[in-house]
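1. The following comprises the amino acid sequence and a computationally predicted model.
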Amino acid sequence: MTRALFALKLRLFRNGPHNERAFSLVTGLLLAALVVAGASPAVRGVVGESWIALALTVWGGMWLFGPLAQPRHDPSVISREWLRGYPIRPWRLARALSWTELLGVGPLITLACLLSLVVLAAPGGPVAVAIAVVAVVAQLYLLVWAGKTVAALASWLLQTRAGMTLAAVQTAVMLAVSFAGWVPFAAWLLPRLGEGEADLATPSLGRLPEPVVDVLAALPTGWGYGAVVAARDGAGPGAVVLPMAALALGALLQLGWIALTARALRRPPRRATPLRPAGPGRGLSLPFVSPQVSAVVARELATWFRDPARGVELRSAWLTPPLMAAIIALTDWSWALPLVGPAAAVFGAMVAINTYALDGTALWQLLTTPGALKADVRGRMAAWALLFGAPSVVLAAVLWAVTGSPLGGAAVCGAVAATAVGCAAAPLLAVVMPAVGTDARDRVYPGQQAGDPTGGQMTIFPVVALAAVAGSLWWAALLPAAAVLYAAPALTLRLLRRRGTGLLDAMASRDAASVR
Amino acid sequence: MPDLSTPAVEVTDLTQRFGSVVAVDDLSLTIPPGMFYGIVGPNGAGKTTTLTAVCGLREPTSGSIRIAGHDLRTDRETALAQLGVMMDGLSLPERLTATEVLRYSAGLRGLDDGWRARARDLLEILGLDAVPRTLIVEYSTGMRKKINLALAMLHRPRVLVLDEPFEAIDPVSAHSIEQVLKQYVEAGGTVVMSSHIMDFVERNCRRVALVAGGRVLVEGPVDEVTAGSTLNERFVELVGADPVRPLEWLA
């Protein structure tokens, strides 16, 4: 059975979409090559080899807490749904499936990265190299099963509302670290930048502090490193103790994964209890907008809070700015805190990039109701402004007031410009670049594939970020932002009128290519 | 009373191609107002494609469609205002309750306050008032058909276009939908529906069109089309059914 599943997975790889996998492979191999190349000067003492330990820890962390785990989507290539109907014991099926999990881009690029351990071991002679090879295999086995177990646990947790929050927190941490993780280093290099002095502190790439290295080597992600260093420094066969421990822990995690997968195979995913309204409620009446637009705003607000896919995005967009602020607040760059406001608008635009595809074939109602398309575009914009735009401007203003930063005014202007552009561009790109996934009526539990909007997010990010930067640098840049706010909705409406039925077809057939 | 001189729906020479496939081939239908009208045909006959075009959800390759005299291409908004639409297998705003989705639809159409009483009646008659906090995404197939019907009728359209309204629903739900549609037609409304439930079409529709291969094979009053046999027998006779050879491995 294992052989049949391996063949199936290979065929799925060959016939499935390659873009994302190819991107991950190329990027991963480049990063792995950097780590391996860095091991060589570390051996020669040019840089401290503790940096390799740090790189391996970060890499291992990616398995546990990063894109390699992908908690919001089922990371398995072979669908559990297909297999559930076969008259095979779930435990046996899960055990066979577990070996196919070793086949993929993640294990391959991790193996490439771990080859840095062999480079580190080379000066110690053939015995050290042999132990390094064992350490590489053991470390890879441990990381893969730690990552897979975390992903399976996350997938199980995603069937609850608490799991949705967990997924949002994970995404927010990733985004905050990605966008503000450089600030501590920058603050270290340019400690007086806030006072207008660009004096560069001389960085030292010597070594990490010894206690830090000890902690890194003690973590399961550093066991391979610890074993290699011990082998090279003459610990002899005793150095294989850590790889053996890694293999044992990996085997336990594999058993845990098999148990979770067997459980998933025994029963279909359960529906998360949806967030329901407490009572019948009243209609929303907003000032300055028509009843049609108010109706759309009410629908949008309810959907943002109740739809599991949108709910995760909303929570992550709201959580990321405070986390970024926390990272910046720990440094001497508190003057940069108000800039989190414009960043919040950028994240808001990124998470609102796929709303038409998420609402799916419900578009038919807008296409058959006179005047509904115009109200829909305006309503989506108004709801976005309420949920993301206004909070980002308020955040910039509050952080300005708290820090008294000289950049506060610029940050508020940047947030206003980013809000204007994000508000108008998100619905436009949602029409132009829909990432079609499971239709709204069939998305009954979180974690179901809701379309991958990475392309749209990568498009809107520079657009809104540019608006934020331009608005921050020069208040007159608010005028082009206002022009975008004026013109983009008309373009969105025109596209919906011309291509709305094509978009509906694309969502009914789950083929976004038909809309282009 | 409806204007009897203007057809409720007039489809003229409708052709719909998908690449090299001709789904609807030069199809014409004239549906008088105040009529319960059925479109029947085998799977892939072009029924849903025709109804989708009638609702304005698909741009025809050629041909024209008029709703209550208004051309769907040149006078789209007015034509759409005459229609209530219930399509099979499409989503609604899934994270709203029945009351919320009706309120949303009323707001979207800019209806006056009379919608509230109509919504109450529809929810009560269709049995949806018993689950006021249930979201649409949690609805069963029958409940979906009912809320779709309520949405289609809320603004009192002149023409109801229903795609497979009785597909995969239980007899009780079908009965309540049937009763509502009968009242609607008695009050002068026009129902155009596709269905595989021959019994229902025979019992309720005054006229029927049998469509196959994107063309109308026969059209007229139900009695004339059935010509003394049942609609089901006539359907099989006109469309043709291949003989099924015995499967020896089933023995």
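-> Now that the structure is in, tell me what you want to look at.
2. Next, the contact list for the residue in chain B that chain A sits nearest to, please.
-> Using CB to the nearest CB, residue B:107 is the residue of chain B that sits closest to chain A, at 2.7 Å. Any C-beta I mention is one placed from the backbone N, CA and C, and that applies to glycine too. Residue B:107 makes contact with A:283, A:291-292, A:294-296, A:298 under the criterion CB atoms under 8 Å, 6 or more residues apart in numbering or on different chains.
3. check which helix or strand covers it.
-> Per DSSP states H and E: residue B:107 is located in helix B:98-109.
4. Could I get the average pLDDT for that helix?
-> What helix B:98-109 shows for mean pLDDT is 96.
5. Export that helix to CSV, keeping only CA atoms.
-> Provided in CSV are the C-alpha atoms of helix B:98-109 (Å, rounded to 0.1, in the frame of the first residue of the first chain):
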residue,chain,number,x,y,z
ALA,B,98,-33.0,33.8,7.0
THR,B,99,-34.3,37.1,8.4
GLU,B,100,-31.0,38.8,7.8
VAL,B,101,-30.8,37.7,4.2
LEU,B,102,-34.3,38.9,3.5
ARG,B,103,-33.5,42.2,5.2
TYR,B,104,-30.4,42.4,3.1
SER,B,105,-32.3,41.7,-0.1
ALA,B,106,-34.9,44.2,0.8
GLY,B,107,-32.3,46.8,1.5
LEU,B,108,-30.4,46.0,-1.7
ARG,B,109,-33.6,46.5,-3.7
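6. Please pull up the helix or strand immediately following it.
-> That would be, after helix B:98-109 and using DSSP H and E, helix B:114-125.
7. List of residues touching the helix or strand just after that following helix?
-> Per DSSP H and E, the first helix or strand lying C-terminal to helix B:114-125 is helix B:141-153. Outside helix B:141-153, the residues within contact range by CB under 8 Å, 6+ apart are A:365, A:441, B:84-87, B:92, B:98, B:101-102, B:105, B:118-119, B:122-123, B:126-128, B:131, B:136, B:139, B:160-162, B:165-166, B:168-170, B:173, B:176-177, B:180-181, B:184.
8. immediately after helix B:141-153, which helix or strand?
-> In N-to-C order, the element after helix B:141-153 by DSSP H and E is strand B:159-163.
9. Next, the buried residues of stretch B:215-235.
-> B:215-219, B:222, B:225-226, B:231-232, B:234-235 (16 or more other CB atoms under 10 Å in any protein chain shown).
10. And the furthest pair within those?
-> B:215 and B:232 (20.4 Å; CB to CB).
11. Work out for me the element residue 59 sits within.
-> Assuming you mean chain A. helix A:50-65.
12. which helices and strands does that helix pack with?
-> Judged by 3 or more CB pairs under 8 Å, 6 or more residues apart in numbering or on different chains; DSSP states H and E, the packing partners of helix A:50-65 are helix A:19-44, helix A:105-121, helix A:126-157, helix A:161-180, helix A:210-218, helix A:223-232.
13. in it, what counts as buried?
-> For helix A:50-65, by 16+ other CB under 10 Å, it's A:50-57, A:59-60, A:62-65.
14. Check stretch B:81-101 too.
-> Under 16+ other CB under 10 Å, the buried positions of stretch B:81-101 are B:81-88, B:90-101.
15. Do me a favour and get the end-to-end distance for it?
-> 18 Å (CA to CA, to the nearest Å).
16. next one: stretch A:174-192
-> 27 Å.
17. Quick one: mean pLDDT over that stretch.
-> Per-residue scores along stretch A:174-192 average to 81.
18. Which parts of the stretch 351-500 of chain A are helices?
-> Assigned by DSSP state H, counting those that start in this stretch, the helices in the stretch 351-500 of chain A fall at A:355-359, A:363-367, A:372-384, A:390-403, A:408-432, A:454-473, A:478-509.
19. among the contacts of helix B:141-153, which ones are buried?
-> A:365, A:441, B:84-87, B:92, B:98, B:101-102, B:105, B:118-119, B:122-123, B:126, B:128, B:136, B:139, B:160-162, B:165-166, B:169, B:173, B:176-177, B:180-181, B:184.
20. could you check the distance from the spatially closest residue to residue A:463 that is not a sequence neighbour over to chain B?
-> Nearest residue to residue A:463, sequence neighbours excluded (CB to CB, 6 or more residues apart in numbering or on different chains): residue A:425, at 5.7 Å. Distance, residue A:425 to chain B, by CB to the nearest CB, to the nearest Å: 23 Å.
21. Any idea how many residues pack against residue A:425?
-> Neighbour count of residue A:425, defined by other CB atoms under 10 Å in any protein chain shown: 25.
22. try the one 3 residues further on
-> Here the count is done by other CB under 10 Å, and residue A:428 has 24 residues near it.
23. again with the one 3 residues further on
-> Other residues lying near residue A:431 total 22 when counted by other CB under 10 Å.
24. List the contacts of it.
-> Here residue A:431 is in contact with A:356, A:492, A:495-496, A:499, A:503 (CB under 8 Å, 6+ apart).
25. Now for the closest residue to it other than its chain neighbours: which residues touch it?
-> Using CB to CB, 6+ apart and skipping residues adjacent in sequence, the residue nearest residue A:431 is residue A:495, 5.0 Å away. With contact set as CB under 8 Å, 6+ apart, residue A:495 has these partners: A:428, A:431-432.
26. so what does the lengthiest helix in chain B touch, helix or strand wise?
-> Assignment by DSSP state H gives helix B:171-186 as the longest helix of chain B. The contact analysis (3+ CB pairs under 8 Å, 6+ apart) places helix B:171-186 against strand B:36-40, helix B:114-125, helix B:141-153, strand B:159-163, strand B:190-194, helix B:198-204.
27. would you list these in TSV and tack on distance to residue A:3?
-> Formatted as TSV, those follow (distance: least, CB to CB, whole Å):
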stretch	distance to residue A:3
strand B:36-40	50
helix B:114-125	57
helix B:141-153	41
strand B:159-163	46
strand B:190-194	48
helix B:198-204	51
